[in-house]
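>>> Fold the following, please.
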Amino acid sequence: MRAPSEPAAPLLLRRGEAVLFRRPGLAISADAFLAAAMRLAESLPAAPSVVNLCRDRLHVALGFAAALLRGQASILAGVPTARELAELPARFPGAYALVEPDGFAAHTLAGGPLPLHRLSPPDWSLAAGAAQGGAMPMIPSARRAAIVLTSGTTGDAVAHEKSWGGLLARSLTAARRFALATEPAASAPASIVGTVPSQHMYGFESTLLIAFHAPVASFCGETLYPADIAAALAAMPAPRWLVTTPLHLRALLAARPGLPPLAGIISATAPLEAAAAEAAERAFAAPVFEIFGATEIGAIATRRAGADEPWQVYDDIRLEPRAEGIGVHAPGAAPGVIADLVELVGPTRFRLLGRREDVVKRAGKRVSLAALNQALTGIEGVIDGVFVVPEDLEARPQARLSAFVVAPERSAAEIRAALRLCIDPTFMPRRIIKLDRLPRNAVGKLPRAALAGLARAEPGLAESPGRG
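From the prediction side, this is the model:
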């Protein structure tokens, strides 16, 4: 008796002429992208996995698709440190690095621990039409498609494996939640401009994979500064969606560049304070949504930002109470537990109470670190800020919190006065240290090592920098 065939899903759920990616002066169709990916796959060395170190969003997507066609898992390591790079060969035997020929990684990794394969950018004018009429490649749903390395704020990279079927399910679920139907779509395809790197799980899902499976085109170009974001949005046809982070959204609000009409704004990677969400909706005349997710699973739930509404889980997500917290079941992913403190509000909704390790306790009182940081960044004139909690806050009576703040137009005394109006005096910072910028990473997080470095530079804080 013949065994049933292994479940499989297509690489792309797009028509051949559909535009997947755009950059200034260039539109990449599904046919052109597929032809280029197939050509690159033929040139890749035999290996179980590849560390995709490309920076350009289009090159990341192309390298991922080619590796998938070659049967290789793409290791998404963001911007790894020298120590992390040195550890990769032992963690992933046989892996090589995919780099852009003129990119930073190609120069810094030459002669390093990983063999390099240089991606030659295709001639997109020649690639178009090469795959027309051919069958769309089918990828086994259980194939290990990606390995996402994340360290959050702790500094120790953890690997999370993603199957192709799981990634496809997350992509289609997000498209349904934001009313981006699968093709053929009755309305015009949406344009996505992302400020978050495609190496990060949020950016990988929301600016790269979604273009494989839903009628959207993702922008590939500079989006670091407010002027870049405004130019990118202006270069894309309506309807336009901005996929961003609280840090970038606050920068946009401070700069107020002229933006073209937006269909919506999506924010993730950190809680978005209600005041910033409401200000963004007024300034840019568009609804602001938040995504809640975990690298282990991907996006889990969404909500309208600033409205104090519960989070609504995606249609294919199931929650269940467990002794250790709230369990999460998602297609194509191993069951997990939400790392944050949450309160269920029915079977498909929950409220976020804060991270388990971020509850600050002092003098018999407690508050979430996220609430303190939101109070700080909600002060007018504060561009960025973070509270620092000494590890011995509960044990040492004289221990106090501190705060690092980016606020060029406000004094420390003014910030302290504003904090007194919105937080308990028990948690008032002893010191408010003003900086030009905080050492956030590419997705706006503050790694613990970076906070420790700030503390070492400030007398009196170096002994115990604590959490931030």
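
>>> all helices of this protein, in order?
30-43, 57-70, 82-91, 104-108, 124-127, 164-177, 201-203, 210-213, 226-235, 246-255, 274-284, 369-377, 412-420, 448-456 (DSSP state H).

>>> Now render the ones you listed as CSV, adding mean neighbour count and distance to residue 321.
(C-beta placed from N, C-alpha, C; glycine too.) Shown next, in CSV, are those (neighbours: other C-beta atoms under 10 Å; distance: least, C-beta to C-beta, whole Å):
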stretch, mean neighbour count, distance to residue 321
helix 30-43, 21, 43
helix 57-70, 24, 36
helix 82-91, 14, 35
helix 104-108, 15, 44
helix 124-127, 15, 51
helix 164-177, 22, 23
helix 201-203, 26, 25
helix 210-213, 26, 31
helix 226-235, 18, 41
helix 246-255, 20, 29
helix 274-284, 17, 28
helix 369-377, 22, 23
helix 412-420, 15, 36
helix 448-456, 18, 30
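
>>> And these: which comes nearest residue 316?
helix 164-177 (5.4 Å; C-beta to C-beta).

>>> CA-only coordinates of that closest one in CSV, if you can.
The C-alpha trace of helix 164-177 is given here as CSV (Å, rounded to 0.1, in the frame of the first residue of the first chain):
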residue,chain,number,x,y,z
TRP,A,164,7.2,26.2,6.6
GLY,A,165,3.6,25.2,7.5
GLY,A,166,3.8,27.2,10.7
LEU,A,167,5.2,30.3,9.0
LEU,A,168,2.5,30.1,6.3
ALA,A,169,-0.3,29.8,8.9
ARG,A,170,1.0,32.9,10.7
SER,A,171,1.2,34.9,7.5
LEU,A,172,-2.3,34.0,6.3
THR,A,173,-3.8,34.7,9.8
ALA,A,174,-2.2,38.2,9.9
ALA,A,175,-3.5,38.9,6.4
ARG,A,176,-7.1,38.1,7.5
ARG,A,177,-6.8,40.1,10.7
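
>>> other SSEs contacting it?
For helix 164-177, the contact count by 3 or more C-beta pairs under 8 Å, 6 or more residues apart in numbering; DSSP states H and E identifies strand 8-10, strand 144-150, helix 210-213, strand 298-304 as packing neighbours.

>>> Could you count how many residues lie near residue 120?
Using other C-beta atoms under 10 Å, residue 120 has 11 neighbouring residues.

>>> Ranked by average pLDDT, which of the helices of the chain falls at the bottom?
For the helices of the chain, the bottom mean pLDDT is recorded on helix 104-108, which sits at a mean of 61.

>>> With adjacent residues omitted, what lies nearest to the residue nearest the centre of the chain?
With distances taken as C-alpha atoms, centre = their mean, residue 202 lies nearest the centre of the chain, 3.0 Å away. Using C-beta to C-beta, 6 or more residues apart in numbering and skipping the chain neighbours, the partner closest in space to residue 202 is residue 268 (4.8 Å).

>>> ok, back up a step: out of the helices of the chain, nearest to residue 195?
helix 246-255 (4.4 Å).

>>> hang on, residue 54 packs against residue 119?
Yes - using C-beta atoms under 8 Å, residue 54 is in contact with residue 119, at 6.3 Å.

>>> tell me, what's touching the two both at once?
Here residue 54 and residue 119 share the contacting residues 62-63, 98-100, scored by C-beta atoms under 8 Å, 6 or more residues apart in numbering.

>>> just to revisit the earlier point, export the helices of the chain as CSV, with columns for distance to residue 150.
CSV is the format used below for those (distance: least, C-beta to C-beta, whole Å):
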stretch, distance to residue 150
helix 30-43, 26
helix 57-70, 16
helix 82-91, 11
helix 104-108, 19
helix 124-127, 32
helix 164-177, 16
helix 201-203, 7
helix 210-213, 20
helix 226-235, 25
helix 246-255, 18
helix 274-284, 25
helix 369-377, 19
helix 412-420, 32
helix 448-456, 14
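
>>> Out of the ones you listed, which is closest to residue 295?
Per C-beta to C-beta, nearest to residue 295 of the helices of the chain: helix 201-203, 4.7 Å.

>>> who are the neighbours in contact with residue 112?
residue 85.

>>> how close does it sit to residue 311?
Per C-beta to C-beta, to the nearest Å, residue 112 is found 42 Å from residue 311.

>>> Equivalent analysis for residue 79, please.
29 Å.

>>> Between these two, which is the more surrounded one?
Using other C-beta under 10 Å, the more surrounded residue of residue 79 and residue 311 is residue 311, with 18 against 13.

>>> still on that earlier bit, would you confirm that the residue nearest to the centre of the chain contacts residue 291?
Yes - assessed by C-beta under 8 Å, residue 202 is found in contact with residue 291 at 6.9 Å.

>>> Could you tell me which residues touch both of these two?
Counting by C-beta under 8 Å, 6+ apart, the residues touching both residue 202 and residue 291 are 268, 299.

>>> how is the chain carved up into domains?
Structural domains annotated on the chain: 8-352, 363-456, as defined by automatic domain parsing.

>>> ranking those by mean pLDDT, which is last?
The weakest mean pLDDT among the domains of the chain belongs to domain 363-456, with a mean of 83.

>>> about what we covered before: quick check: which of the helices of the chain is nearest to residue 330?
Closest among the helices of the chain, using C-beta to C-beta: helix 164-177, at 7.2 Å.

>>> which other residues reach that closest one?
By C-beta under 8 Å, 6+ apart, helix 164-177 touches 7, 9, 68, 139-143, 145-146, 180-182, 205-206, 209-210, 212-214, 216, 298-299, 302, 314-317, 330-333.

>>> which among those residues end up buried?
9, 68, 139-141, 143, 145-146, 180, 205-206, 209-210, 212-214, 216, 298-299, 302, 314, 317, 330-333 (16 or more other C-beta atoms under 10 Å).

>>> Roughly how far does the closest residue to residue 216 other than its chain neighbours sit from residue 212?
Of all residues not flanking residue 216 in the chain, residue 190 sits nearest, at 4.5 Å (C-beta to C-beta, 6+ apart). From residue 190 across to residue 212, the span is 14 Å (C-beta to C-beta).
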